[in-house]
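My questions are about this predicted structure, shown below with the sequence.
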Amino acid sequence: MTHTFRYITVLLATVTTCFAGRGQEGKSSFDFLNIPTSTHAYTLGGTNISVIDEDINLVNQNPALMGPESDLQLGLNYMKYVGGINLAGATFGKAAGERGAWAAGIQYYGYGKMKSADETGVITGEFSPKDIVFNGIYAHDITTTLRGGVNAKVIYSSYEQYTSWALAVDLGLNYYNADNDLSLSLVARNLGGQIKRYNDTFERMPFDLQIGYTQSLEHAPIRVSVTARNLTRWKLPYPTIESSSYTGSDEIVEKSGFVDNLFRHLIFGVEFLPTDRIYIGVGYNYKTRTDMRTAHRNFLSGFSIGGGIKVRMFGIGVALAQQHTGATTLMVNLSTNLFEFKK
């Protein structure tokens, strides 16, 4: 166990050092890669890389969460996102021997119809912008408690006459102690770049380094999770509106205090597990809550809720969040083990 933690610590230090220069503040044209495809992860705050569940949809959070137990699993996901955006995808997993597994998947991000216009503002028609991600995933048991995984992604974007291709890789590790139901994970997400630009400028990938912790309570059917992300930079400032006593009006002020920066890195999740086939959870994402302060935030901003149930060979998951008024998001997952149909 000591060797395992030493291995994870060394890898974390290496990855952080190599990619800290990429962790500067800024936006990417590929931020859609950070939208979860798993209802379980979305329930627990939108990002969770350490929760253990027999759900193939979780591999897009951390490829090391997949193993031989994912043999012949098929997962389908759909999300009604903000602004009329619809996301859908499918993932299929297969065991590769006694210690490995592979999966293939596709994710589609559709943004509806938009009007196109020339440089004078004359409407010339409509177009349907979209992003498509093709996944190839492999995971392998390094030891009885440590598993590694890689998720290779081919990304295609089409916005009217502009198109782009990109390649990215997620690298993941998961340590799982079944006796204590303790899970620790480390993920480096979106390593890569464009191979075909939209125009003359290369767009950066949304690289992120994340650590996850999930632990069941000893004497209660409760499981807690904490996920830390954006670990290559400390300061995550955000604008907020404050009333000025001098001018008598509201002013936009940038906040970047120690407590704000700390909690904008962290995502919290709690689950109630009455049986091993049912979970009900709630998540809290402080970064989402503070980001929505200037967008008519309501009380529910930053919170998410959901649950899942397994009935025979099928698993169903539902997650819901309302980050601000008029922006309710709903995600649905369906998973099945095709092996069960042979019985």
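All right, it came through fine.

what about residue 253, helix or strand, and which?
Here residue 253 sits within strand 250-255, counting by DSSP states H and E.

Give me the buried stretch members for the following helix or strand past that strand, please.
The C-terminal neighbour of strand 250-255 among helices and strands, as given by DSSP H and E, is helix 258-264. Neighbour counts over helix 258-264 (16 or more other C-beta atoms under 10 Å) mark 260-261, 263-264 as buried. In short, each C-beta sits where N, CA and C put it, glycine included.

close enough to count as contact, residue 164 and residue 199?
No - between residue 164 and residue 199 there is no contact under C-beta atoms under 8 Å: 9.3 Å.

For the residue lying closest to residue 174 once chain neighbours are set aside, grab phi and psi.
Counting by C-beta to C-beta, 6 or more residues apart in numbering, residue 174 lies nearest to residue 64, which is 4.0 Å off, once chain neighbours are set aside. For residue 64, the backbone dihedrals (degrees, to the nearest 10) come out as phi -80, psi 0.

ok, now how distant is residue 64 from residue 184?
11 Å (C-beta to C-beta, to the nearest Å).

element containing the spatially most central residue of the chain, please.
Closest to where the C-alpha atoms of the chain average out (C-alpha atoms, centre = their mean) is residue 36, at 3.8 Å. Using DSSP H and E, residue 36 is not contained in any helix or strand.

can you start the count at 47 instead of 1 from here on
In the new count, where the first residue is 47, that last one comes out as residue 82.

Please name the residues that touch it.
88, 92-93, 106-107, 377 (C-beta atoms under 8 Å, 6 or more residues apart in numbering).

Verify the stated contact: residue 112 with residue 151.
No - look at residue 112 against residue 151 with C-beta under 8 Å: they stay out of range, at 10.9 Å.

So for the two, which sits in the more crowded spot?
residue 112 (29 against 23; other C-beta atoms under 10 Å).

just the strands in the stretch 97-246 of the chain please.
For the stretch 97-246 of the chain, the strands defined by DSSP state E, counting those that start in this stretch occupy 119-126, 132-142, 146-156, 160-163, 169-173, 176-187, 192-205, 208-223, 228-242.

Which one of the ones you listed lies nearest to residue 251?
strand 228-242 (4.6 Å; C-beta to C-beta).

Which strands and helices lie in contact with whichever helix or strand comes after that closest one?
Elements were assigned by DSSP H and E; along the chain past strand 228-242, the next helix or strand is strand 254-262. With contacts taken as 3 or more C-beta pairs under 8 Å, 6 or more residues apart in numbering; DSSP states H and E, strand 254-262 sits against helix 48-65, strand 228-242, strand 268-274.

ranking these by mean pLDDT, which is last?
Lowest mean pLDDT within the helices and strands packed on strand 254-262: helix 48-65, at a mean of 42.

Report the backbone C-alpha coordinates of the following helix or strand past it in CSV.
Next helix or strand after helix 48-65 toward the C-terminus (DSSP H and E): helix 85-89. The C-alpha coordinates for helix 85-89 follow below in CSV (Å, rounded to 0.1, in the frame of the first residue of the first chain):
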residue,chain,number,x,y,z
THR,A,85,-25.5,10.9,-14.6
HIS,A,86,-23.6,9.5,-11.6
ALA,A,87,-20.8,12.1,-12.0
TYR,A,88,-23.3,14.9,-12.8
THR,A,89,-25.3,14.0,-9.6
